[in-house]
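**Q** 3D, please:
(one chain, ligands or ions: 2)
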Amino acid sequence: MIHMTNISKSYNKGEIKAVDNLSLHIRPGEIFGFLGPNGAGKTTTIKMIVGLLNPDKGSIVINGHDIENETIEAKQSIGYVPDNPNIYDRLNGIEYLNFLADVYRVSEDVRRERIEYLLNMFGLTDAAYDPINTYSHGMKQKIVLTGALIHEPAVWILDEPMVGLDPKSSHFLKEYMREHCNRGNTVFFSTHVLEVAERLCDRIGIINKGKLIAIGTMNELRGGEHAESLESIFLELTEI
Ligand SMILES: Nc1ncnc2c1ncn2[C@@H]1O[C@H](COP(=O)(O)OP(=O)(O)O)[C@@H](O)[C@H]1O
Ligand SMILES: [Mg+2]
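**A** Residues are numbered from 1 along each chain as shown. Ligands and ions are numbered 1, 2, ... in the order given. All right, here's what the predicted structure looks like:
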């Protein structure tokens with residue numbers, strides 16, 4: 001579902017190598033957790049996957065479509081939640097969601113049902129008609145999540161989606177991610193919450209200084225031996 005082949009990206013005319021020859025293949029039905037210390041290159045990778053940044057080298061294919069050459073087709077399969085929920089905050093929640101539903105051409109009936117369901121699960125129903133600039137960080141995060149999923153995209157790309165979510169919403173999101181993948185879809189998300197990654201992900205990739213330094217199931221990362229936690233594996237691998 002997501003094929004990244006040898007992608008690299010530098011900033012400041014090559015001074016900062018943010019992503020260095022990264023290849024990843026995320027399969028249908030898979031929740032993939034993308035971990036790494038601050039500045040490792042997670043957000044840069046994610047921005048390239050969703051077509052906000054072009055790689056200097058390499059290719060990215062989403063659901064059979066090259067993000068650079070078949071951008072519209074590729075983007076139709078993507079639901080993207082950025083790491084900071086800065087949105088059109090003069091709109092109210094419902095206006096924002098209707099705007100996105102229009103962009104993605106979701107019919108009136110279908111959108112009504114999805115909006116009602118998601119707002120209810122996220123506990124946002126009462127705030128739906130309030131302007132977004134009155135929302136807390138967590139509420140903004142939830143309205144952005146709802147908007148990103150309104151067209152039921154096959155591939156979810158979430159950059160630190162649990163930040164700011166209350167326990168009920170974060171529980172719902174995890175369940176919803178699993179259901180999505182059980183239907184043969186894909187979730188790719190970055191997180192610093194290692195306990196969530198450990199319990200939720202089918203596979204985990206760890207990036208450090210732009211390079212993939214480990215990839216596999218929890219068992220594979222442990223080397224099939226003792227019950228080491230993801231935290232101790234992470235700390236060992238990312239030690240300088
Ligand atoms: N717009 C930018 N201009 C210059 N350097 C950047 C920019 N965005 C990120 N970087 C640098 O690229 C590296 C990777 O950053 P990022 O992808 O945001 O990492 P992460 O999401 O893993 O914390 C860091 O060294 C960061 O300082
Ligand atoms: Mg980041």
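**Q** show me the residues around the closest residue to residue 20 other than its chain neighbours that make contact.
**A** Excluding the flanking residues, the one nearest residue 20 by Cβ to Cβ, 6 or more residues apart in numbering is residue 210, at 3.8 Å. Placement of C-beta: from N, CA and C, glycine included. By Cβ atoms under 8 Å, 6 or more residues apart in numbering, residue 210 lies in contact with 8, 17-20, 22, 40-41.
**Q** Go ahead and confirm residue 168 touches residue 123.
**A** Yes. Assessed by Cβ atoms under 8 Å, residue 168 is found in contact with residue 123 at 6.6 Å.
**Q** Give the residue from those two that has the larger number of neighbours.
**A** Just comparing residue 168 and residue 123: by other Cβ atoms under 10 Å the higher neighbour count belongs to residue 123, 15 against 11.
**Q** tell me the secondary structure for the more buried one?
**A** In three-state terms, and counting by DSSP: H, G, I helix; E, B strand; the rest coil, residue 123 is coil.
**Q** Next, the contact list for it, please.
**A** Contact analysis of residue 123 by Cβ under 8 Å, 6+ apart lists 142, 166, 168-169.
**Q** repeat that with 10 Å
**A** Listed by Cβ atoms under 10 Å, 6 or more residues apart in numbering, the contact set of residue 123 reads 138-139, 142, 166, 168-169, 172.
**Q** For those residues, work out which two are farthest apart.
**A** 139 and 172 (14.2 Å; Cβ to Cβ).
**Q** of the two, who's got more company?
**A** A direct count of neighbours by other Cβ under 10 Å for residue 139 and residue 172 places residue 139 higher, at 22 against 19.
**Q** which residues sit in contact with that one?
**A** Residues near residue 139 by Cβ under 10 Å, 6+ apart: 85, 93, 122-124, 127, 130, 132, 164-166, 169.
**Q** Please produce CSV containing those, extended by secondary structure.
**A** Formatted as CSV, the contacts of residue 139 follow (three-state DSSP):
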residue, secondary structure
85, coil
93, helix
122, coil
123, coil
124, coil
127, helix
130, coil
132, helix
164, coil
165, coil
166, coil
169, helix
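**Q** now, which of the residues you listed sits nearest ligand 1?
**A** Ligand 1 has its nearest neighbour among the contacts of residue 139 in residue 85, at 15.6 Å by Cβ to the nearest ligand atom.
**Q** what's the neighbour count on the closest residue to the closest one other than its chain neighbours?
**A** Leaving out its chain neighbours, the residue that sits closest to residue 85 by Cβ to Cβ, 6+ apart is residue 140, at 3.9 Å. The number of residues packed around residue 140, counting by other Cβ under 10 Å, is 20.
**Q** Let me know the pLDDT of residue 140.
**A** The confidence metric pLDDT takes the value 94 at residue 140.
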